[in-house]
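Enquirer: Here is a sequence with its predicted model. Questions after.
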Amino acid sequence: MAVLDWRWILLGASDNKALDRLRRAGPSERKALLASFRADAADSDPGRLNRLAVGQSIAGLTDLALQTLERLVEEHPADTAGWLNLAAAQLSSGQFEAVGRSLESAVAHASEPSLRGLAEDRLVEYTRSQGQAALGRELLERQAAALYERIEHGVAQQGDRVKLIRILITLVNTVGSAITADQVLEAARDAHAEAPDDPAALELLVAGLLSAGENSELQNALLQLEQRAPHSRLLELVRSRRADPSYQRTLDAWAERGNRLVPRAWRGDPVAETELCEWVRRYPKNQNYRVGLMMAARAREDWQEARRIADGLAKENTVEHETHLHIAQFYAHANDQRRARRHFALAWETARDDEDRAIVIQAMRVVGVRL
């Protein structure tokens with residue numbers, strides 16, 4: 001997607017002054033200012049919620065800013081500035097498909113000509129950049145297909161596998177692409193197996209393991225990379241992230257956002273379901289996200305899609321307790337008593353404590369299943 005740089009919409013001069021002060025503030029003063037913004041926004045005034053969200057974004061609390069703006073437009077759906085700022089926050093956090101819907105809402109609710117014009121201009125910018133992004137994605141997909149074909153027919157040139165993996169890594173982080181993190185990892189493993197002494201192939205294997213969340217293999221691959229390419233830029237990046245407490249907080253915030261998407265998708269929120277599809281593509285090992293899509297499909301009565309997801313989860317080598325519990329209930333509602341009983345039994349076996357086992361018993365009673 002082309003670079004879009006949208007300024008925050010603030011309708012009060014005093015807000016700009018307060019936020020300028022926040023930008024210059026040290027950690028303790030910044031914390032105090034954000035606390036005062038939160039207190040001021042307790043009455044759900046749209047202008048104060050907007051200021052709080054922008055302040056949270058300036059402080060690096062992107063996920064909290066998104067939560068605040070989502071609350072704002074839910075409580076004040078006619079607030080054009082809120083929709084515009086939500087679109088800007090979604091853009092900065094990579095929720096590209098949601099951006100368009102927010103901008104369309106901004107145009108639909110705009111009552112002031114100046115804000116309507118701004119919303120329309122941004123929607124045109126966004127639409128144009130989406131078209132450019134689609135062309136770039138299509139070009140990369142064609143390059144990847146050509147490289148796959150050369151490798152499959154045994155006519156690949158030196159460096160083709162490495163080139164393929166780099167393209168796949170770009171595509172897995174591109175909205176609208178069908179490439180998954182598992183495909184990146186499969187290609188990286190093949191490249192490393194073909195050239196086990198090549199540091200570039202090993203570095204890309206580490207990148208693939210990071211992308212797919214394969215932590216069990218990652219440590220060994222990092223040790224090999226440290227031995228063969230101690231000055232690798234990827235290795236330096238991993239080290240710096242592990243030493244930076246803020247990076248873990250960022251990961252936790254993103255995980256929390258993903259977890260919040262699941263119940264929203266269950267309730268039939270199409271925006272949440274679309275975003276959750278993207279998370280599943282990028283993080284295929286997270287069973288909770290896939291359960292969320294299964295329940296969303298069931299909620300809109302797409303039993304075939306829900307069954308496809310449930311069957312895929314059931315075939316995993318390692319299935320979590322909560323996943324067994326959810327797919328057992330799904331199979332019960334789908335009138336597949338045999339599979340329902342099997343997964344309730346597995347949920348019982350994988351229970352961590354008596355509380356988990358009590359929940360299994362209660363769920364079986366609700367859906368009318370007996371072992």
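Expert: Cool, the structure landed. Since we're looking at a predicted model, the values are computed, not measured.

Enquirer: pull the helix or strand with minimum mean pLDDT from this protein.
Expert: Sorting the helices and strands of the chain by mean pLDDT, DSSP states H and E puts helix 245-266 at the bottom, at a mean of 76.

Enquirer: Does that helix pack against any helices or strands, and if so which?
Expert: Packing partners of helix 245-266 (3 or more CB pairs under 8 Å, 6 or more residues apart in numbering; DSSP states H and E): helix 62-75, helix 270-282, helix 287-299. Using the backbone N, CA and C atoms, a C-beta is placed for each residue, glycine as well.

Enquirer: which residues are contacting the last one?
Expert: It stands for helix 287-299. Helix 287-299 has contacts (CB atoms under 8 Å, 6 or more residues apart in numbering) with 258-259, 261-263, 265-268, 272-273, 276-277, 279-280, 283-284, 303, 305-306, 309-310, 312-313, 316, 319-320, 322-323, 326-327, 330, 333.

Enquirer: From the chain's centre, how far out is it? Work that out for me.
Expert: 15 Å (CA atoms, centre = their mean, to the nearest Å).

Enquirer: likewise the longest one?
Expert: A distance of 17 Å separates the centroid of the chain from that of helix 62-75, by CA atoms, centre = their mean.

Enquirer: So for it, mean pLDDT?
Expert: For helix 62-75, mean pLDDT is 88.

Enquirer: for that helix, which positions count as buried?
Expert: In terms of neighbour count (16 or more other CB atoms under 10 Å), helix 62-75 has its buried residues at 62-73.

Enquirer: Please save the CA atoms from it in PDB.
Expert: Taking Å, rounded to 0.1, in the frame of the first residue of the first chain, the C-alpha atoms of helix 62-75 are listed here in PDB:
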ATOM      1  CA  THR A  62      -1.800   2.000  19.900                       C
ATOM      2  CA  ASP A  63      -4.000  -0.800  21.100                       C
ATOM      3  CA  LEU A  64      -5.600   1.300  23.800                       C
ATOM      4  CA  ALA A  65      -6.100   4.200  21.300                       C
ATOM      5  CA  LEU A  66      -8.000   1.800  19.000                       C
ATOM      6  CA  GLN A  67     -10.200   0.600  21.900                       C
ATOM      7  CA  THR A  68     -11.000   4.200  22.900                       C
ATOM      8  CA  LEU A  69     -11.900   5.200  19.300                       C
ATOM      9  CA  GLU A  70     -14.000   2.000  18.800                       C
ATOM     10  CA  ARG A  71     -15.900   3.000  22.000                       C
ATOM     11  CA  LEU A  72     -16.300   6.600  20.700                       C
ATOM     12  CA  VAL A  73     -17.900   5.700  17.400                       C
ATOM     13  CA  GLU A  74     -20.000   3.000  19.100                       C
ATOM     14  CA  GLU A  75     -21.400   5.600  21.500                       C
END
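
Enquirer: Which strands and helices lie in contact with it?
Expert: Contact analysis of helix 62-75 by 3+ CB pairs under 8 Å, 6+ apart lists helix 46-58, helix 80-92, helix 245-266 as its packing neighbours.

Enquirer: could you redo the helices and strands packed on helix 245-266 as a markdown table and give each row distance to residue 151?
Expert: A markdown table is the format used below for these (distance: least, CB to CB, whole Å):
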| stretch | distance to residue 151 |
| --- | --- |
| helix 62-75 | 39 |
| helix 270-282 | 23 |
| helix 287-299 | 29 |
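
Enquirer: got a list of contacts for stretch 126-145?
Expert: Residues contacting stretch 126-145 (CB under 8 Å, 6+ apart): 1-2, 4, 87, 96, 99-100, 103, 164, 167-168, 170-171, 174-177, 179.

Enquirer: and stretch 239-252, C-alpha only, in PDB?
Expert: Extracted C-alpha coordinates of stretch 239-252, given in PDB (Å, rounded to 0.1, in the frame of the first residue of the first chain):
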ATOM      1  CA  ARG A 239      18.700  -9.800  20.600                       C
ATOM      2  CA  SER A 240      17.500  -6.200  20.800                       C
ATOM      3  CA  ARG A 241      13.900  -7.200  21.000                       C
ATOM      4  CA  ARG A 242      14.500  -9.700  23.800                       C
ATOM      5  CA  ALA A 243      16.400  -7.000  25.700                       C
ATOM      6  CA  ASP A 244      13.600  -4.400  25.200                       C
ATOM      7  CA  PRO A 245      10.700  -4.600  27.800                       C
ATOM      8  CA  SER A 246       8.500  -2.400  25.500                       C
ATOM      9  CA  TYR A 247       8.700  -5.100  22.800                       C
ATOM     10  CA  GLN A 248       7.100  -7.700  25.000                       C
ATOM     11  CA  ARG A 249       4.400  -5.100  26.000                       C
ATOM     12  CA  THR A 250       3.700  -4.600  22.300                       C
ATOM     13  CA  LEU A 251       3.400  -8.300  21.800                       C
ATOM     14  CA  ASP A 252       1.100  -8.600  24.800                       C
END
